[in-house]
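1. Just a sequence and a predicted model for now, questions to come.
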Amino acid sequence: MARKQDKDKRKNKFKQIPFRMHPRVFAALGADLVTNDVVAVIELAKNSYDAFAQNVWLRFRDNSSLGTFLEIEDDGDGMTREIIEDVWCVVATPFKKLNPVVKSGKKKRRVAGDKGLGRLSVARLGERLHMLTQASGAPCWEVEVNWADISEGDDLSNSFARCRKYPEKSPFKKSGTRLRIHGLKEQWVESRILDLGENLARLISPFSDLGDFNIFLSGFGEAQTEEVKIESPEFLSKPKYSIRGSVDENGNVKGTYRFASIAEGAPREKHLTFSWEQIHDVIQDRTRFQYSSDTAHCGPFTFDVRAWDISADDTQEIAERFEFQKSQVRKAIRAHKG
């Protein structure tokens, strides 16, 4: 009797059923997580930034031999064979989350993307990918992915990216990556490309004159099509109101308030200095921020706050002074807020 009960218990045990993903996950996640094609291209531009590229070129091409495609090329760090396999081929990889800062010599960048959406963006944009990538001192690798074939499969374990050493001369001087996305799913008319350019401008900091990340965009045409450098609107670097300064490791603040009329005229400035004790005294929500007056809880850091008046007269003044479309003034400010 006891043996029969033990047998019945073994039959009633929980069984482990593994989760599986259909190959259509690339298309489904690409459509759901990447909200539109402009955002998809921006995600790929962010990948170039995270690869420590100084320049990225986005080119829409209508070539007699290769057909219509989008090309994204950068002069960043590129990828080794191991990175392709262990990072690029892992969707939603935590690699960037685990490595939030990238370094190149003495320079550092905080990564712009951490969700691993690059591959999903490519899958959303087109049916086929041809990629060349080369890390410094390493071979150039050629990668091909046919997203349409993958979606038609029935098992993700049988879905592959084809990879080999590039048999021809590398297009990179030292390192970089070039994506060519074929079989574009949406029509990239001129208005959409212009919208892309306006959104790419958000990746160019109006707070820096370093020029350490440049974006170039060109519309459909042959190789000789003029490439336009994406730049942040000039007026964003010359605000009407600004407060700039720094906070030291002890929480003491030094800054300068500046008012500069859009019209001609000498700007007015006022220098500001506050100790941590003074700042602590004006904290209003004591229950939420139970900070001690003896020790600062942040710093050191710098700050740069800019503001504009956006009434009809003020936007007209900005448009005339900087030769900028009045209808785009508020949009540019809104795009860079925060």
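-> All right, it came through fine.
2. Leaving aside the residues adjacent along the chain, what's closest to L200?
-> I230 (4.8 Å; C-beta to C-beta, 6 or more residues apart in numbering). Bear in mind the C-beta positions are built from the backbone N, C-alpha and C, glycine included.
3. correct me, but the one you found touches I204?
-> Yes - look at I230 against I204 with C-beta atoms under 8 Å: they come within range, at 6.1 Å.
4. Could you tell me which residues touch both of these two?
-> Here I230 and I204 have I215 as joint contacts, going by C-beta atoms under 8 Å, 6 or more residues apart in numbering.
5. Which one's more surrounded, the two?
-> I230 (21 against 18; other C-beta atoms under 10 Å).
6. which residues touch the more buried one?
-> Listed by C-beta under 8 Å, 6+ apart, the contact partners of I230 are 197, 200-201, 203-204, 214-217.
7. Can you classify A332 by secondary structure?
-> Secondary structure for A332, judged by DSSP: H, G, I helix; E, B strand; the rest coil, is helix.
8. ok now do the nearest residue to L236 once chain neighbours are set aside, which residues does it touch?
-> The shortest distance from L236 to any non-neighbouring residue, by C-beta to C-beta, 6+ apart, is to P206 (3.9 Å). Residues in contact with P206 (C-beta under 8 Å, 6+ apart) are 232-233, 236-237, 336.
9. got a pLDDT number for the residue nearest the centre of the chain?
-> Relative to the mean C-alpha position of the chain, the nearest C-alpha, by C-alpha atoms, centre = their mean, is the one of K46, at 2.9 Å. pLDDT for K46: 91.
10. Look up how far K173 lies from it.
-> 23 Å (C-beta to C-beta, to the nearest Å).
11. Also N146?
-> Distance from N146 to K173, by C-beta to C-beta: 30 Å.
12. Look at those two and report which has more neighbours.
-> Under the neighbour definition other C-beta under 10 Å, N146 and K173 were set side by side, and N146 has more, 17 against 8.
13. residues contacting the more buried one?
-> By C-beta under 8 Å, 6+ apart, the contact set of N146 is 127-128.
14. In the sheet, which residues pair with it? Tell me.
-> Note on N146: beta-bridge partners by DSSP bridges are R128.
15. Tell me the pLDDT of it.
-> The confidence metric pLDDT takes the value 90 at N146.
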